[in-house]
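> Here is a sequence together with a model predicted from it:
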Amino acid sequence: MIKLEQGFYNRADVLKIARELLGKVLITKFDGIVTSGRIVEVEAYAGVKDKASHAYGGRHTNRTSVMYYPGGTAYVYLCYGIHHLFNIVTNTKDIPHAILVRAVEPMEGIPAMLERTGKKKPDYTLTKGPGNVSKALGIGTKHTGGSLLQDEIIIASDGFVPKKEDIVATPRIGVDYAGEDALLPYRFIIKGNKYVSGK
DNA sequence: CGACCGATCGTCT
DNA sequence: GACGATCGGTCGA
């Protein structure tokens, strides 16, 4: 298991990074409890010129300021008052690119995930959808602005790389408000994986 | 199945 | 004061 370093996140091509994140392992360690899952679905948000991005047009508020941090920072925010959505900030300081992790396949610490989510059995709903990922892995808004290069939240590679033909690009979910940008193929999934959200 | 709807609150206007 | 980068339950066919 090799932790991804600054150089992975700092690059300029957010679409390339998003694609490369598929198959990587997202690991959290809170209070000695380790939970992890393989990333199977992500969405890229390409900064100031992407109408679907919180940083569109250079919007810079308290909440979104984290997006302007250097690559390798966690951006977590509350959606619909209930769900914590976990994003990975990419590119260099002041360029607000981000990648939303929408689904993982559970690996380590499944009992802890069941406890956090209140589920009885580890079925495919455990870490399907961005709200569930954060819930199962114990990620909340207090982690926004935190570094992915430390110990609490990291992303690592165990050598697994999805086959090229298994990676599919589609439009993003729930961004109809973004006009024509809602059609951009910025969502990447591992084809056939049962943890991928949607139908 | 699909459509609809309620939950619930920080953030922005 | 309105509204989400959502989820899961319910209802009807």
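Yep, it's here.

> going forward, measure contacts between C-alpha atoms and count neighbours the same way
Noted.

> Give me the distance between the two termini of stretch A:55-66.
10 Å (C-alpha to C-alpha, to the nearest Å).

> Over to stretch A:175-193?
OK, stretch A:175-193 end separation, C-alpha to C-alpha: 23 Å.

> ok, and for that stretch, which residues are buried?
Within stretch A:175-193, the residues that count as buried by 16 or more other C-alpha atoms under 10 Å are A:181, A:182, A:186, A:187, A:188, A:189, A:190, A:191.

> Backbone dihedrals for the residue nearest to residue A:147 when sequence neighbours are not counted, both of them.
Excluding its sequence neighbours, the residue lying closest to residue A:147 (C-alpha to C-alpha, 6 or more residues apart in numbering) is residue A:73, at 4.6 Å. Here is the backbone geometry of residue A:73 (degrees, to the nearest 10): phi -110, psi 150.

> and chain A, which of its residues are near DNA strand B?
A:60, A:61, A:62, A:63, A:64, A:77, A:78, A:79, A:80, A:81, A:82, A:199 (C-alpha under 7 Å from any atom of the strand).

> Residues in contact with stretch A:75-94: which ones?
A:9-14, A:63, A:66-74, A:96-101, A:130-135, A:139-146 (C-alpha atoms under 8 Å, 6 or more residues apart in numbering).

> And for stretch A:13-31?
Contacts of stretch A:13-31 (C-alpha under 8 Å, 6+ apart): A:8-9, A:11, A:34-46, A:90-91, A:97-99, A:104, A:137-138, A:151-158, A:160-162, A:167, A:186, A:188-190.

> Quick check: the one residue in chain A that gets nearest to DNA strand B vs residue A:65, distance?
Chain A approaches DNA strand B most closely through residue A:81 (3.5 Å), counting by C-alpha to the nearest atom of the strand. Residue A:81 sits 20 Å away from residue A:65, taking C-alpha to C-alpha as the criterion.

> which of these two has more neighbours?
Set residue A:81 next to residue A:65 and count neighbours by other C-alpha atoms under 10 Å: residue A:65 wins out with 16 against 7.

> Pretty sure that one sits in a helix.
Yes. According to DSSP: H, G, I helix; E, B strand; the rest coil, residue A:65 belongs to a helix.

> confidence score at it?
For residue A:65, the pLDDT comes out at 97.
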